[in-house]
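1. Sequence and predicted structure below; questions after.
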Amino acid sequence: MRVLWLAVLVFFCLSSVRASAERVTLPLDGTWQIADSVAAEPAPRAFRATVAVPGLVHNARPPFPDVDAFDSVELVNNKIGQKLLPESARVAAPGVSRQTRNYFWYRRTFAAPVTKAVATLRVNKAQFGTAVWVNGKKVGEYPGCFSAGVFDLTPAMRWQGENVLLVRIGAHPGVLPATFPAGTDFEKLKWTPGIYDRVSVHVADNPVIESVQVAPRLGPSEILVETKVVNRGGTPVTFEVGQAVRTWKGDARVAAGRSESLTLAPGESRAVRQTIAIPGAHHWSPEDPFLYVLDTTTGGDSLVTRFGMREFRCDTATKRAFLNGRPYFLRGSNVTLHRFFEDPESGELPWNEAWVRRLLTEIPKRMSWNAFRFCIGPVPDQWLEIADETGLLVQNEFFVWTGDTTWSQWPDRRWDAQELVRQYSEWMRDNWNHPSVAIWDANNETKDAVFGEKVIPAVRGLDLSNRPWENSYNPPVGPDDPIEDHPYLFSAEVFGQPPFDMTMLERGSGASTQPPFAARAMILNEYGWLWVRRDGEPTLLTTKVYDRLLGKDATPAQRLELNAYLLAGKTEYWRAHRNYAGVLHFVYLTCSYPGVFTADHFEDVRALKLNPWFEDYMGEAMKPLGVYVNFFEPTLAPGKPRSFHVMMVNDRDRAQKGELRLVLEREGGAEVARAVRPFEIGPLGTLGHDLELAAPGEPGRYLLKATATSDDGARTVSRRKVTIGER
C-alpha cells in the first residue's frame, strides 16, 4: 500500500511539473463594453454600449452615430479627378474625419486562469492603433492596424481576483501619423474602427516563447525551426527547447528534436534554430492540403504551431510559378475584405466561421479556384487557417495603395520607412507559418521607391521559407520575384480613349501590359472593368461602359448576364495565351451599394448565393481543362463556311485526351452545324485547332459552342453569341 501511495504521489508531482511547463491561454473573444471619447485620455467613466470582439464598432448596440465617417486623402483626390468633387475639397493626408470623436474604448474583466510568472495580452488585429490599460495602469501602445499588438501585463496583473482591461483604439485613421500605414485606398468610402481579430491572454513561466517559425525543406524532407525566447524574470534561467512534430489529423507523432542547454540572463532574448527530419513527409497542396503540428516547449512555456510541407516560388526563366518543385498555374479571384466591412450586409459575417468556411471552401472548389489575392487589407487569422485547411494559395497584400505620380489625383503621401519595416516584419511574423500564404505582396498599384529600396530588402531575410515578393508597379527586388498586371481594357473610354471591343482580342497575343517587366513571372490579378452591383446597376466606373454596350434602357438582368459573358471570354483569352503564371479575377467579395466603384458577383451575399450567370460562365472559364474560341464577331454571313480557331490549356500535370466538338445552335438549343475531332494535350500544355463550320442560311440568333470532353469525364464549354444575317 505504501508503494502505491508513493507511485500516486510521484504521478501527481510529474503532472504538476508538466502542467507548469505549459502555456495557458484565456480567450477574451465575446461581448465587451464600449464607449467613445474625443481626447486620448482619460478613459470614459460610463460604458453604455456593447460590441462583439472580434468585430467592428458599427455593430455596437446601441449604435454610435457617424461611426464610419472618414474621407481619406486618396478617396477625396480620386473624386476630384473624376469631377465628383470640386478642387476646393482637397484635404491633407491622411484625410478628414466627419465624426465628433477620436477614440473608442473597449472594457471587460477577466480572472487569471492560473498563477504564473508572466502574463501577455495579444490583440491580433485592431484599427486604428491600440493602447492598453490593466487595473488602471497603462502597459503599452501599438500603432499597427494589420498585425498583432503584444503587451506585457505582468507588472499590473492581479493573479488572484478580477482584472479590469481597457483597450483604446482610434476611431479613424486620422489619429495616427500620416506617415504610418493605416490603410490607403482610392475607392474605400467608409473607414470602420474595431478589434477585428481575436484577443487573448497567455500566462506562462520563463523562458517565454515569443515566436516560432517553421520553414519546410522538401529536398531533404525536413523543417528548419526558429524559436525566439526571452527571459522576463529577475534571475537567470537554464533550459532546453524541445520540439515534437505530429500530424494535425490523427495526432500521430512523426519526429522530435531538442536544443542544447541554454542559459538566459534576466531580460535576455535569443533565437534558437533547429533542424528536424520528417522522413517521407506528406506534401501540402490545394489538391491535398495535408497539415502537421509542431509542439514547442521551454520548460516554462509552450506553443502549438501548425504548418504544411510545401515550397512555393516563381521563376523568371520560365515565367511560371512552382509549387513543390513543379510548375503550377494559379486560378482564382480577389477578396477586398476591408471594403466588404462597409457593405450594408456585412454585419458580423466575417467572423461567422460557417459563413467563412463556405466562402473559402465550397464555392472556390465549385468554381475550380486554387488561389486568392487578399487585396488592400488583411483578413482575420481564422481566414488563413481555413485557407490552410481547404487548400488555397494566397497572395497576401499589405494595405497600401498610393498610385502613380502620373495620376491626376495622386496625393502627396510619404512614409516613415523605419515604421514600415517594423510593421511589415510583424505582419510577416503573424503569417509565415501558413502554407496558404504563397506570395508577400508589398502594395497595390503603387509607384514608390521606398518599398524596393528599403522595406523589402530589410524584411525579406526574416522569412526562412524565402517566399517571393510582389512589388506592384515598382521594379521587382529579387531575381525571381513576380509582377502583377491589371489590363483593364474596358476602362479606355472612361479615360477618354477609343472604346475597347471584344473583337480586338481575336488579333491579340495575350501579352502583358507591363512591358518593362514582361520577362518576369506575371500574375494577372485584376481585369474586367465590368462591375455591376448585386442589384444589376452599374458602378461609378462602369456606367459609360454599359450605356455603350447595352444602351441606357438596359435591364439589371441584361447587365448581369453580359457581365458574366464578357468576363468569362476575357478569362478564357488570358488563360489560353499562357503569358501569365496566374489569372485571378477582380473581385469575388467586396461592397455593393449605390456610389461604389467596384462590386462582387453575389446575388445574396448573406446566403452566399452567386449570381447564376456568373457561376455558369466563370465556372466554365476557370476549369483546369481550359477552352477558348477565338471569335467575338457579332454576326456571321448566312450560308457561308468559316474556320474557327479553338485554343486549349491543360493546368494538370498529367496528359488529357478526348473529344473537341464545335457546334452552332439555334436559340432554344437545336443543333444546326457540327465539327468534331479528337484532342490530346500534354501535362501543363497548350493546344490549338482550326475547325470549320458552315453557317445556316436562316437568319436569327445562334450560339457557337466549343466543348472539350476528356476521357476521364472532365468537360469544359466555351460559348459565343452570334447573329446570322443582320445584327
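-> Cool, the structure landed.

2. how many other residues sit next to residue 452?
-> Residue 452 sits with 18 neighbouring residues when counted by other C-beta atoms under 10 Å. All C-beta spots, glycine's among them, are computed from the backbone N, C-alpha and C.

3. Look up how far residue 51 lies from the residue lying closest to residue 140 once chain neighbours are set aside.
-> In this structure, residue 140 finds its nearest non-sequential neighbour in residue 151, 4.5 Å apart by C-beta to C-beta, 6 or more residues apart in numbering. Applying C-beta to C-beta, to the nearest Å, one obtains 20 Å for the distance of residue 151 from residue 51.

4. out of these two, which sits in the more crowded spot?
-> residue 151 (24 against 21).

5. so how far is the helix or strand containing the residue nearest to residue 140 from its chain's centroid?
-> Taking DSSP states H and E as the definition, residue 151 sits inside strand 149-152. What separates the centre of strand 149-152 from the centre of its chain is 25 Å, taken as C-alpha atoms, centre = their mean, to the nearest Å.

6. and if you look at stretch 565-577?
-> Taking C-alpha atoms, centre = their mean, one finds the center of stretch 565-577 at 23 Å from the center of the full chain.

7. could I get it in CSV with only the CA atoms?
-> The C-alpha trace of stretch 565-577 is given here as CSV (Å, rounded to 0.1, in the frame of the first residue of the first chain):
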residue,chain,number,x,y,z
TYR,A,565,-20.4,36.5,-70.5
LEU,A,566,-17.7,39.1,-71.3
LEU,A,567,-15.7,38.4,-68.1
ALA,A,568,-15.6,34.7,-69.0
GLY,A,569,-14.5,35.5,-72.5
LYS,A,570,-11.6,37.6,-71.2
THR,A,571,-10.7,34.9,-68.7
GLU,A,572,-10.5,32.3,-71.4
TYR,A,573,-8.4,34.6,-73.5
TRP,A,574,-5.8,35.4,-70.8
ARG,A,575,-5.5,31.7,-69.9
ALA,A,576,-5.3,30.4,-73.5
HIS,A,577,-2.3,32.6,-74.4
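
8. start at 54 instead
-> With the count now opening at 54, the last piece we talked about shows up as stretch 618-630.

9. all helices for the stretch 504-653 of the chain, in order.
-> Assigned by DSSP state H, counting those that start in this stretch, the helices in the stretch 504-653 of the chain fall at 509-512, 596-603, 609-629.

10. Of those, flag the one that's most buried.
-> Greatest average neighbour count among the helices of the stretch 504-653 of the chain goes to helix 609-629 (a mean of 21), per mean count of other C-beta atoms under 10 Å.

11. pLDDT averaged over that helix, what's the number?
-> Helix 609-629 shows a mean pLDDT of 98 in the predicted model.

12. From the contact counts, what lies against that helix?
-> Applying 3 or more C-beta pairs under 8 Å, 6 or more residues apart in numbering; DSSP states H and E, one finds that helix 609-629 contacts helix 596-603, strand 635-642, helix 665-674, strand 678-682, strand 694-703, strand 768-777.

13. and residue 445, which of these is closest to it?
-> Go through the helices and strands packed on helix 609-629 one by one with C-beta to C-beta and the one that ends up closest to residue 445 is strand 635-642, at 11.3 Å.

14. Sheet partners, orientation included, of the closest one?
-> Within its sheet, and counting by DSSP bridges, strand 635-642 is paired with strand 383-388 (parallel), strand 575-577 (parallel).

15. For the first one, list the C-alpha coordinates in PDB.
-> This points to strand 383-388. Taking Å, rounded to 0.1, in the frame of the first residue of the first chain, the C-alpha atoms of strand 383-388 are listed here in PDB:
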ATOM      1  CA  LEU A 383      -3.000  29.800 -60.300                       C
ATOM      2  CA  ARG A 384      -6.700  30.300 -61.000                       C
ATOM      3  CA  GLY A 385      -8.900  32.300 -58.700                       C
ATOM      4  CA  SER A 386     -10.100  35.700 -57.600                       C
ATOM      5  CA  ASN A 387      -9.700  38.500 -55.100                       C
ATOM      6  CA  VAL A 388     -11.100  39.400 -51.700                       C
END
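
16. Report the mean per-residue pLDDT for the helix or strand following it.
-> Past strand 383-388, heading to the C-terminal end, the next element that is a helix or strand (DSSP H and E) is helix 390-393. Mean pLDDT, computed over helix 390-393, is 98.

17. residues making contact with helix 390-393?
-> By C-beta atoms under 8 Å, 6 or more residues apart in numbering, the surrounding residues in contact with helix 390-393 are 236, 238, 240-241, 399, 403, 427, 429-432, 436, 452, 642-644, 651.

18. for the most centrally placed residue in the chain, what are its contacts?
-> Using C-alpha atoms, centre = their mean, the residue of the chain that lies closest to the mean C-alpha position is residue 427, 1.9 Å off. Contacts were defined as C-beta under 8 Å, 6+ apart; by that measure residue 427 touches 387, 388, 390, 436, 447, 448, 449, 450.

19. how would you label the fifth one: helix, strand or coil?
-> Three-state secondary structure (criterion: DSSP: H, G, I helix; E, B strand; the rest coil) places residue 447 in strand.

20. For it, grab the count of nearby residues.
-> 25.

21. swap in the first one?
-> When counting by other C-beta under 10 Å, one arrives at 23 neighbours for residue 387.

22. Residue 555: what's it in contact with?
-> Going by C-beta under 8 Å, 6+ apart, the list of residues near residue 555 reads 619, 622, 623, 685.

23. Apply 7 Å and report the result again.
-> Taking C-beta atoms under 7 Å, 6 or more residues apart in numbering as the criterion, residue 555 is in contact with 619, 622, 685.

24. my guess is the first one contacts residue 584, does it?
-> To tie it back to what came earlier, the one meant is residue 619. No: Residue 619 lies out of contact with residue 584 (C-beta atoms under 7 Å); the separation is 11.6 Å.

25. Skipping its backbone neighbours, what lies nearest residue 472 in space?
-> residue 233 (5.4 Å).

26. For the nearest residue to residue 768 once chain neighbours are set aside, which residues are in contact?
-> Beyond its immediate neighbours in the sequence, the residue positioned closest to residue 768 (C-beta to C-beta, 6+ apart) is residue 762, lying 4.8 Å away. For residue 762, the residues meeting the contact criterion (C-beta under 7 Å, 6+ apart) are 711, 712, 768.

27. just to confirm, which helix or strand has residue 762 in it?
-> strand 753-763.

28. ranges for the strands of the stretch 104-253 of the chain?
-> 123-125, 148-150, 156-164, 171-176, 183-187, 190-195, 202-205, 215-223, 252-257 (DSSP state E, counting those that start in this stretch).

29. Now render those as a markdown table, adding distance to residue 443 and mean pLDDT.
-> A markdown table is the format used below for the strands of the stretch 104-253 of the chain (distance: least, C-beta to C-beta, whole Å; pLDDT from 0 to 100):
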| stretch | distance to residue 443 | mean pLDDT |
| --- | --- | --- |
| strand 123-125 | 33 | 95 |
| strand 148-150 | 37 | 94 |
| strand 156-164 | 32 | 98 |
| strand 171-176 | 25 | 98 |
| strand 183-187 | 30 | 98 |
| strand 190-195 | 31 | 98 |
| strand 202-205 | 28 | 98 |
| strand 215-223 | 31 | 98 |
| strand 252-257 | 24 | 98 |
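
30. That's all I had, so thanks and see you.
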